[in-house]
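Undergrad: no FASTA, just this:
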């Protein structure tokens, strides 16, 4: 396919995935989407006890590798419900209220999804009001923000909104935006990587080793799904698909070139495995950017740190505004597919 067709296809798939709410531990919507897609492709797949969705491509030889893309997103978790129907929320994963801004959020109740307004208080106030501090250089926090629901505690309880209920950005705010060859959206971390795995599920055929495409659960709260899977399934290697933060501290460009990590917060990646991915990129004439970053971890680095896998790598795409309204080049996402397809064919 031409670049335009590939970019359009990726944009369409990511747009569908983004609209599937999947805060860590409440990932039912995206699970249903993935089951439908994998069933339509006729690929062996299942859901394990840790809520991972696993697609399996049986190999002709011995050995197995896993490629993961986490399907959960950051958000909030309800701490308390006030008598006036205001809801106090705390972060779930690396979320910050000032990133979301005031606006619609959705509560995934046990019986119903309800919307509310993430609120920081009025601006026309004096120092007698606590909100005045937010106008004078102090960042708003979850402790000083709240969600207005205009529902009574009884109505919230009937919908199944309670302490522990997950909160995410409202769906009508999640619709992606196309900026030429770039896609901008909430939850590209890690819905864009999920789109890469779906493309591999469609394109890969008769691998030499068994390949597990793992749509991992609860990554944002400790790589729970990947640790569960890698602890129970013997693997020769694990490759994580991820975003890569764009920042002045990292020599990474916003472009169509994916990023291959050598080290992150949790440790070093395997150099031999990285060399194999470099060779796969060269075979497809795909550009790649090397990087060492901090303040970041992946399914792969965490699994290797815990001794679950002997080798690990992280292939990622450069992303603005990570854990916010993210922006990434569709070409970098497409090149990740090409590199991994070549790598798997070379096994």
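TA: Looks like it arrived, so ask away. Predicted, not measured: the structure shown is a model, and the values here were computed from it. Numbers count the residues shown, from 1 in each chain.

Undergrad: quick one, strands of the stretch 101-250 of the chain?
TA: 103-108, 113-119, 146-148, 166-169, 177-179, 182-185, 210-216, 237-245 (DSSP state E, counting those that start in this stretch).

Undergrad: Let's have the ones you listed in TSV, adding mean neighbour count, distance to residue 273 and mean pLDDT.
TA: Placement of C-beta: from N, CA and C, glycine included. What follows is the strands of the stretch 101-250 of the chain, written out as TSV (neighbours: other Cβ atoms under 10 Å; distance: least, Cβ to Cβ, whole Å; pLDDT from 0 to 100):
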stretch	mean neighbour count	distance to residue 273	mean pLDDT
strand 103-108	20	37	98
strand 113-119	18	41	97
strand 146-148	20	44	98
strand 166-169	26	34	98
strand 177-179	12	33	97
strand 182-185	20	28	98
strand 210-216	25	14	98
strand 237-245	27	6	98
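
Undergrad: could the ones you listed go into JSON lines alongside distance to residue 296?
TA: Output for these, formatted as JSON lines (distance: least, Cβ to Cβ, whole Å):
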{"stretch": "strand 103-108", "distance to residue 296": "26"}
{"stretch": "strand 113-119", "distance to residue 296": "26"}
{"stretch": "strand 146-148", "distance to residue 296": "29"}
{"stretch": "strand 166-169", "distance to residue 296": "22"}
{"stretch": "strand 177-179", "distance to residue 296": "24"}
{"stretch": "strand 182-185", "distance to residue 296": "20"}
{"stretch": "strand 210-216", "distance to residue 296": "16"}
{"stretch": "strand 237-245", "distance to residue 296": "7"}
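
Undergrad: which residues does the residue positioned nearest the centre of the chain contact?
TA: By Cα atoms, centre = their mean, the chain has its centre lying nearest to residue 190, at 2.1 Å. Applying Cβ atoms under 8 Å, 6 or more residues apart in numbering to residue 190 gives the contacts 69-73, 219, 241-243.

Undergrad: and which of those is nearest to residue 121?
TA: residue 73 (26.4 Å; Cβ to Cβ).

Undergrad: any idea how far that closest one is from residue 122?
TA: Per Cβ to Cβ, to the nearest Å, residue 73 is found 30 Å from residue 122.

Undergrad: For the two, work out which one has more neighbours and name it.
TA: Ranked by neighbour count (other Cβ atoms under 10 Å), residue 73 and residue 122 place residue 73 first, with 31 against 9.

Undergrad: Leaving aside the residues adjacent along the chain, what's closest to the more buried one?
TA: residue 187 (4.5 Å; Cβ to Cβ, 6 or more residues apart in numbering).

Undergrad: ditto for residue 259
TA: With Cβ to Cβ, 6+ apart, the residue lying closest to residue 259 is residue 244, at 4.1 Å.

Undergrad: With respect to residue 87, which of the strands of the stretch 101-250 of the chain lies nearest?
TA: Here strand 146-148 is closest among the strands of the stretch 101-250 of the chain (Cβ to Cβ), at 4.3 Å.

Undergrad: so what does that closest one touch, helix or strand wise?
TA: strand 87-92, strand 113-119 (3 or more Cβ pairs under 8 Å, 6 or more residues apart in numbering; DSSP states H and E).

Undergrad: Adding distance to residue 295, write the ones you listed out as CSV.
TA: As requested, these are exported to CSV (distance: least, Cβ to Cβ, whole Å):
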stretch, distance to residue 295
strand 87-92, 16
strand 113-119, 25
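
Undergrad: Could you say which one of these comes nearest to residue 285?
TA: Of all the helices and strands packed on strand 146-148, strand 87-92 comes closest under Cβ to Cβ, at 40.6 Å.
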